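Engineer: I'll drop the sequence and a predicted model, then ask my questions.
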Amino acid sequence: MRNARKVLAGIALSLFAIVSISGPAQADPVTEHCVVVTGKSPKDAVRKACSTDPNAPELKTLAVGVQLMTWYDNWQWDGSNGQVTWYGYAGTCDAEGYLIYFDENNFPTWRNRISSFAVHGGCWTTMAYDVAYDPFAGTNRYQGDTSYVGDGMNDFIEGFWVTTPR
Ligand SMILES: [Ca+2]
Ligand SMILES: [Ca+2]
């Protein structure tokens with residue numbers, strides 16, 4: 001009887017631990033697939049569309065111009081928690097490239113979220129910024145498709161400068 005009580009207490013404790021670890025009910029991450037079209041600087045007008053359906057017609061309609069890069073919420077180019085494909089209306093990357101910040105004009109919901117990304121067309125070398133508008137706050141340079149941005153930048157990126165190989 002005593003043992004049974006101990007076992008029960010143990011089970012109750014375990015359950016409590018599980019509930020504590022999982023914490024209060026959290027909303028599921030938003031599953032979003034987005035298409036964005038931008039010019040070369042954050043000041044240029046940005047057009048965007050998002051949907052839970054990666055094949056949504058509104059995404060296909062907006063997807064004009066040249067693909068620049070695709071961001072993924074998860075590493076290894078896994079878009080199941082969200083992904084964003086950027087298109088440039090000023091052509092593919094050149095040495096000057098495109099500067100993309102996640103401000104109110106761009107994509108505030110993607111601040112501190114990117115874990116992997118891919119580059120397209122002439123785009124290859126990217127500089128990632130921990131704090132948008134501040135090149136001194138923390139940067140990392142990448143070449144080509146990046147399956148994981150690294151512990152130092154994972155879920156910290158707030159801006160990209162994407163250019164041709166350099
Ligand atoms: Ca992430
Ligand atoms: Ca950051």
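Structural biologist: Here it is on my side, so go on. Numbers count the residues shown, from 1 in each chain. Ligands and ions are numbered 1, 2, ... in the order given.

Engineer: Pick out the residue nearest the middle of the protein.
Structural biologist: By C-alpha atoms, centre = their mean, the chain has its centre lying nearest to I114, at 3.0 Å.

Engineer: list the contacts for the residue of the chain at minimum distance from ligand 1?
Structural biologist: For the chain and ligand 1, the shortest gap (C-beta to the ion) falls at S115, measuring 3.7 Å. (C-beta placed from N, C-alpha, C; glycine too.) For S115, the contacting residues are Y72, D73, N74, W75, Y148, V149, N154, D155, by C-beta atoms under 8 Å, 6 or more residues apart in numbering.

Engineer: Next step: the residues you listed restricted to helices.
Structural biologist: Per DSSP state H, helices hold no members of the contacts of S115.

Engineer: Next, count neighbours for the nearest residue to K48 once chain neighbours are set aside.
Structural biologist: Closest residue in space to K48, ignoring its immediate chain neighbours: V36 at 4.3 Å, by C-beta to C-beta, 6 or more residues apart in numbering. When neighbours are counted by other C-beta atoms under 10 Å, V36 registers 22.

Engineer: so where's this protein shaky on pLDDT?
Structural biologist: Where the chain drops to pLDDT under 70, the residues are 1-31.

Engineer: isn't W161 right up against Y98?
Structural biologist: Yes: here W161 reaches Y98: they are 7.4 Å apart, a contact under C-beta atoms under 8 Å.

Engineer: Show me which of those two is the more surrounded one.
Structural biologist: Y98 (25 against 19).

Engineer: which residues does that one contact?
Structural biologist: 38-41, 68, 86, 88, 90, 123, 160-163.

Engineer: 10 Å instead?
Structural biologist: 38-42, 44, 68-69, 86, 88, 90-92, 123, 126, 160-163 (C-beta atoms under 10 Å, 6 or more residues apart in numbering).
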